[in-house]
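Chemist: Coordinates only, no sequence provided:
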């Protein structure tokens, strides 16, 4: 697995770092071996070998030869003696070296290892550990979802391990239901079901913040976009109403501002597509609209609006915007006669038309034949989670836009339950321990 291979390469470098930080009088070198390659949940074990040992990482072993029982028993006793980790040596490892190793563990493994000791459990509040996490390349996006059967708690899907996790949000006022509407980096933005208050949360650390009240009272549905600041500190949040009202929240200032009004060339009212979340490319937020079909964009750098008229593909519905490597993509259902298929289109910048670039394999589409299928697309950053449902079926599929790969997703089942959950809404986010609200 990719995460295990990355960890094996990282821990292989620990030997060199030990020579720099460790005691010069020690003649021992450390090797980190994976105990079980078949599962990322089994953790890792550490064994010790001397400098004269012939053990090498990744070295192919020769077929075992027949030996006497006494020799085998003697070798087992020797391996047990050398395989015991000396507590003194473990304690001498520098603190920054330990944090560097732990920061590069898979996210799920980190939360399991927090129970090892108080020091590891307190790493989430360590500034030096946050700096180590910031140096780690972004991991595969996760999906935060809300199910119809359990609206008060989120179900998070990890595509790399193909596992569901069930998280509980911090306590909210009674009778308050919040839904995820957008995300940026490791932060997820929620809006209450009454469209009044916004909340921002890091689902992994459960740090939670209620944003100040908006200066403009809009009780109808709004489209929401979110973007991190270029310097990586803070974020901007924008809501857009059908009447053209909008506001921008700056997390640094902790306040809402209304930079101006929409230009007159943009047709009002806006028939916004609330099924599609906003995407952000090079500091520009894109919202999907209908009547006329197309996009409305907001440049966060200079505060300007623009309208693009783009006709929707024929015989298509349930459109959702997505982004892949700076390209504007469209995900939707293509229905003709009794056949239904999920299609992917890319926006051609010269012609402002959608061009089909991929579609779901026929073998996966056969079960949709003759059924009235509806689709909800979660996430829009290169990896999307598709919820396909009808009266007869409920399917979850992940599509990797970069590699054009389709994967089935295991059903979401509550802990100690058997009934499959129906996905209501959700968004994707980058699992990041140092994302601060």
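Modeler: Received, thanks. What you see is a predicted model; the values in this text were computed from it and never measured.
Chemist: quick one: stretch 149-166 to chain centroid distance?
Modeler: Put simply, stretch 149-166 sits 11 Å off its chain's centre (C-alpha atoms, centre = their mean, to the nearest Å).
Chemist: Flag every buried residue along that stretch.
Modeler: By 16 or more other C-beta atoms under 10 Å, the buried positions in stretch 149-166 come out as 154, 155, 156, 157, 158, 159, 160, 161, 164, 165, 166. In this view, the C-beta of every residue, glycine as well, is placed from N, C-alpha and C.
Chemist: How about the secondary structure of the first one?
Modeler: So that's residue 154. The three-state label given to residue 154 by DSSP: H, G, I helix; E, B strand; the rest coil is strand.
Chemist: Is it in contact with residue 164, as I believe?
Modeler: No - using C-beta atoms under 8 Å, residue 154 makes no contact with residue 164, being 10.5 Å away.
Chemist: Name the helix or strand for residue 128, please.
Modeler: helix 127-134 (DSSP states H and E).
Chemist: got the residue ranges for the helices in the chain?
Modeler: Taking DSSP state H as the test, the helices found in the chain are 2-12, 14-21, 69-83, 87-91, 95-103, 107-113, 118-121, 127-134, 362-365.
Chemist: Now the first one: average pLDDT?
Modeler: The reference is to helix 2-12. Averaging pLDDT along helix 2-12 yields 55.
Chemist: Can you get me the start-to-end distance on stretch 226-246?
Modeler: End-to-end span of stretch 226-246 (C-alpha to C-alpha, to the nearest Å): 13 Å.
Chemist: Now the helix holding residue 128: buried residues?
Modeler: Residues 129, 130, 132, 133 are the ones in helix 127-134 that count as buried (16+ other C-beta under 10 Å).
Chemist: Just want the angle from it to helix 95-103.
Modeler: 40 degrees (axes from the mean of the first three to the mean of the last three C-alpha atoms, to 10 degrees).
Chemist: Can you get me a residue count around residue 316?
Modeler: Neighbour count of residue 316, defined by other C-beta atoms under 10 Å: 19.
Chemist: Can you list the low-confidence ranges for the chain?
Modeler: Scanning the chain with the threshold set as pLDDT under 70 gives 1-92, 170-174, 219, 415-419.
Chemist: Export the buried residues of stretch 149-166 to TSV and append columns for distance to residue 263.
Modeler: Compiled in TSV, the buried residues of stretch 149-166 are given as follows (distance: C-beta to C-beta, whole Å):
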residue	distance to residue 263
154	38
155	41
156	40
157	40
158	43
159	40
160	44
161	47
164	45
165	44
166	45
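Chemist: so who does residue 247 touch?
Modeler: By C-beta atoms under 8 Å, 6 or more residues apart in numbering, the contact list for residue 247 reads 214, 215, 216, 238, 239, 256, 257, 258.
Chemist: quick one: the third one and residue 307, what's the gap?
Modeler: When you say that, I think you mean residue 216. 21 Å (C-beta to C-beta, to the nearest Å).
Chemist: same check, this time on the fourth one
Modeler: Counting by C-beta to C-beta, the gap from residue 238 to residue 307 is 16 Å.
Chemist: Neighbour count: these two, which is higher?
Modeler: residue 238 (22 against 16).
Chemist: is that one in a bridge, and if so with what?
Modeler: Listed by DSSP bridges, the beta-bridge partners for residue 238 are residue 225, residue 248.
Chemist: Let the chain start at 7 from now.
Modeler: That works, and once the first residue is 7, the last one we named lands at residue 244.
Chemist: List the residues that contact it.
Modeler: 230, 231, 232, 252, 253, 254, 255, 284, 291, 304, 306 are the contacts of residue 244 under C-beta under 8 Å, 6+ apart.
Chemist: Give the full set of residues in contact with the last one.
Modeler: Pointing back at residue 306 there. Contact analysis of residue 306 by C-beta under 8 Å, 6+ apart lists 233, 242, 244, 254, 289, 290, 291.
Chemist: ditto for the fourth one
Modeler: With contacts defined as C-beta under 8 Å, 6+ apart, the neighbours of residue 252 are 244, 245, 246, 264, 268, 304.
Chemist: Could you check how far the residue nearest to the fourth one when sequence neighbours are not counted is from residue 242?
Modeler: Nearest non-adjacent residue to residue 264, counting by C-beta to C-beta, 6 or more residues apart in numbering: residue 253, 5.3 Å away. Residue 253 is 11 Å from residue 242, where distance means C-beta to C-beta.
Chemist: again with residue 144
Modeler: As judged by C-beta to C-beta, residue 144 and residue 242 stand 19 Å apart.
Chemist: what does residue 284 give?
Modeler: Distance from residue 284 to residue 242, by C-beta to C-beta: 12 Å.
Chemist: Between these two, which has more neighbouring residues?
Modeler: A count of neighbours by other C-beta under 10 Å puts residue 284 above the other of residue 284 and residue 242, at 26 against 20.
Chemist: The more buried one contacts residue 291, doesn't it?
Modeler: Yes - with contacts counted by C-beta under 8 Å, residue 284 reaches residue 291, the gap being 5.1 Å.
Chemist: Look up the residues that both of those two are in contact with.
Modeler: 231, 244.
Chemist: And residue 140, how far from residue 442?
Modeler: 11 Å.
Chemist: I meant residue 267, not that one.
Modeler: 33 Å.
Chemist: So for these two, which sits in the more crowded spot?
Modeler: residue 442 (17 against 10).
Chemist: sorry, back to before: intersection of neighbour lists for residue 284 and residue 242?
Modeler: Common neighbours of residue 284 and residue 242 (C-beta under 8 Å, 6+ apart) are residue 232.
Chemist: which residues does residue 383 contact?
Modeler: Going by C-beta under 8 Å, 6+ apart, residue 383 touches 281, 282, 324, 326, 328, 337, 390, 391, 392, 393.
Chemist: What residues does the residue nearest to it when sequence neighbours are not counted make contact with?
Modeler: Nearest residue to residue 383, sequence neighbours excluded (C-beta to C-beta, 6+ apart): residue 326, at 3.6 Å. By C-beta under 8 Å, 6+ apart, the residues touching residue 326 are 281, 282, 283, 294, 336, 337, 338, 383, 386, 390.
Chemist: got it, and residue 141?
Modeler: residue 109.
Chemist: Grab the nearest non-local neighbour of residue 434.
Modeler: Per C-beta to C-beta, 6+ apart, closest to residue 434 is residue 385, 3.0 Å.
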